[in-house]
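Student: next input, structure requested:
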Amino acid sequence: MAGSGPSIPLIARKSSGLRGEAPIPGDKSVSHRALIFGAMAIGKTRITGLLEGEDVLDTAKAMRALGATVVRKGLGEWEVDGVGTGGFCEPEDVLDHGNSGTGVRLVMGAVATHGFNTTFTGDASLRKRPMNRILQPMALFGASSVGRSEGRLPLTLIGAKEPVPVEYRLPVPSAQVKSAVLLAGLNTPGETCVIEDEATRDHTERMLRGFGAVVEVDERAQGRFIRLQGQPELKGQEIQVGRDPSSAAFPVVAALLVEGSHLQVPGIGLNPTRAGLYETLQEMGADLTLQNEREEGGEPVADLIVRFSALKGVEVPPERAASMIDEYPILSVAAAFAQGPTVMRGVKELRVKETDRIAAMATGLRACGVEVEETEDSMTVFGRGADGVRGGALVSSELDHRIAMSFAVLGLAAQEPVTIDDAGPIATSFPNFLPLMQGLGADLVLDEDPGLGAGHE
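Tutor: Reported below is the predicted structural model:
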């Protein structure tokens, strides 16, 4: 479990040009869903390109605990023999989802309309995160829960024995909540409907259709209506998982910031509900080229060519937040090296991620000499230009993989080395981050003697 062992500091030093090809691991969002839908289908689902990070592996363990057969056949190659819609069995032990908010919330949805009890827990970070946003719509189906205040883990979800279909309007844009409601609707008779005011990542809708469910999406002035016909017979599929655009963001931004860089990043998923960061970077002046645009597994993908660029600050439209919510930490690093302020509004969702990501990034950026203003729902980073960030700080990852990787990237272009207090959480989503970046020329090393501090040789 990330964060459960001794801390392993990571030192990032100013680097020369990053060059080569960056093979990014599989998309985490798609990997979670492929395992869950495969477990709820009849027959075998064969998955290639699965992300083998800790978050996804915990979801695989959960599917086994619920009765599905899940077997690793090779690197990124997995086979799931499903139990069918409504076929899950009561797990014999607690489901431990480690650091994964996505995994635990999706699985809560999947079991909420089964008539048994499921107990969930996670690591220290996940146990701090509120789950009420999932538990409230699950209660409408007839499920209930027993646990800590605000629905924090550990908790026991008492599944609905006779679930009823619901119509649920999302109070905030959240693909996790939307997906949990649709997963609960799979084992519910009748039509379940989710209404969202802003489009969130639509991997669930796309994959449900691929497995044979009837899903209709109706765009209206009143919102986006997603309707699912309950109790379908899902059929096992062949799934090719595209490379994760959220993970790709780290080497991409590193290449934009490190002078002399020229990277190729093949096969990145560019689902329009996930591509907000790349649109924003281009508005900032990033030299990004898309090549070989195509579709794999029902998802648009392309190869990226990335070159060092002089960036300028921009104002990010708040309506874009849902399409790049996981990328704001690394965007704030790009903003630190841009000329002028970058304003990010409509981002209060960052307050309830693995950590309070607004506070964590603001604290670390200030320690590195960058001025930041924050409100409950916004962050403004006052860029210091391509070579203007001092660095030279010890920053806390707060047990958050994206915070850790973001400050590792910052250190590659800062004037002085940056030390991240614990690189362990990176394994939850990007297990080969360090060797991949080192292979491109990044000066990143694990600090085997952390008592010496950031600047020692």
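
Student: count of residues packed around the spatially closest residue to residue 230 that is not a sequence neighbour?
Tutor: Nearest residue to residue 230, sequence neighbours excluded (C-beta to C-beta, 6 or more residues apart in numbering): residue 188, at 4.4 Å. Every residue, glycine included, has its C-beta placed from N, CA and C. The number of residues packed near residue 188 is 23, by other C-beta atoms under 10 Å.

Student: residue 376 too?
Tutor: When neighbours are counted by other C-beta under 10 Å, residue 376 registers 8.

Student: same thing with residue 153?
Tutor: Residues near residue 153, counting by other C-beta under 10 Å: 21.

Student: can you pull the contacts of it?
Tutor: Counting by C-beta atoms under 8 Å, 6 or more residues apart in numbering, residue 153 makes contact with 104, 120-122, 126-127, 129, 131, 147.

Student: helices of this structure, start to end?
Tutor: 28-39, 54-65, 101-111, 132-141, 175-186, 203-211, 245-257, 276-283, 328-336, 357-367, 401-413, 433-440 (DSSP state H).

Student: how about those, which one is nearest residue 226?
Tutor: Minimum separation from residue 226 across the helices of the chain (C-beta to C-beta) falls at helix 203-211, 6.1 Å.

Student: what's the average pLDDT for the closest one?
Tutor: The average pLDDT for helix 203-211 rounds to 94.

Student: what angle separates that helix from helix 101-111?
Tutor: Helix 203-211 runs at 50 degrees relative to helix 101-111, counting by axes from the mean of the first three to the mean of the last three C-alpha atoms, to 10 degrees.

Student: test my guess that residue 134 contacts residue 110.
Tutor: No - Residue 134 is not in contact with residue 110 according to C-beta atoms under 8 Å; the separation is 11.3 Å.

Student: quick check: neighbours shared by the two?
Tutor: Residues touching both residue 134 and residue 110 (C-beta under 8 Å, 6+ apart) are residue 180.

Student: which one of the helices of the chain lies closest to residue 87?
Tutor: For these, the distance to residue 87 is smallest for helix 28-39, at 8.7 Å, taking C-beta to C-beta.

Student: CA atoms only for the closest one, dumped as PDB, please.
Tutor: C-alpha atoms of helix 28-39 as PDB (Å, rounded to 0.1, in the frame of the first residue of the first chain):
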ATOM      1  CA  LYS A  28      -6.200   4.300 -15.100                       C
ATOM      2  CA  SER A  29      -9.800   5.300 -15.500                       C
ATOM      3  CA  VAL A  30     -10.300   2.800 -18.300                       C
ATOM      4  CA  SER A  31      -8.400   0.100 -16.500                       C
ATOM      5  CA  HIS A  32     -10.600   0.300 -13.400                       C
ATOM      6  CA  ARG A  33     -13.800   0.100 -15.600                       C
ATOM      7  CA  ALA A  34     -12.500  -2.700 -17.800                       C
ATOM      8  CA  LEU A  35     -12.000  -5.000 -14.700                       C
ATOM      9  CA  ILE A  36     -15.300  -4.100 -13.100                       C
ATOM     10  CA  PHE A  37     -17.400  -4.400 -16.300                       C
ATOM     11  CA  GLY A  38     -15.600  -7.600 -17.200                       C
ATOM     12  CA  ALA A  39     -16.500  -9.000 -13.700                       C
END
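
Student: quick one: mean pLDDT for that helix?
Tutor: What helix 28-39 shows for mean pLDDT is 96.

Student: just stretch 378-389 next, same as before
Tutor: Averaged across stretch 378-389, the pLDDT comes to 97.

Student: next, the buried residues of that stretch.
Tutor: Judged by neighbour count (16 or more other C-beta atoms under 10 Å), stretch 378-389 contains these buried residues: 378-384, 386, 388-389.

Student: wait, what's in contact with the residue nearest to residue 316 when sequence neighbours are not counted?
Tutor: Spatial nearest neighbour of residue 316, chain neighbours left out: residue 344 (5.0 Å); criterion: C-beta to C-beta, 6+ apart. Listed by C-beta under 8 Å, 6+ apart, the contact set of residue 344 reads 316, 321, 328, 331-332, 335, 378-381.

Student: make it 7 Å
Tutor: Counting by C-beta atoms under 7 Å, 6 or more residues apart in numbering, residue 344 makes contact with 316, 328, 378-379.

Student: do the same with residue 145
Tutor: Contact partners of residue 145, counting by C-beta under 7 Å, 6+ apart, are 135, 151, 155-158.

Student: bridging residues for it?
Tutor: residue 157 (DSSP bridges).

Student: cool, residue 371 as well?
Tutor: Under DSSP bridges, the beta-bridge partners of residue 371 are residue 382.

Student: so it makes contact with residue 384?
Tutor: No - using C-beta atoms under 7 Å as the test, residue 371 is too far from residue 384 to be in contact (8.3 Å).

Student: coming back round to it: now the buried members of the contacts of residue 153.
Tutor: With neighbours counted by 16+ other C-beta under 10 Å, these contain buried members at 104, 120-122, 126, 129, 131, 147.

Student: in JSON lines: those residues, plus distance to residue 409.
Tutor: Below are the buried ones among the contacts of residue 153 laid out as JSON lines (distance: C-beta to C-beta, whole Å):
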{"residue": "104", "distance to residue 409": "28"}
{"residue": "120", "distance to residue 409": "33"}
{"residue": "121", "distance to residue 409": "32"}
{"residue": "122", "distance to residue 409": "26"}
{"residue": "126", "distance to residue 409": "24"}
{"residue": "129", "distance to residue 409": "25"}
{"residue": "131", "distance to residue 409": "31"}
{"residue": "147", "distance to residue 409": "37"}
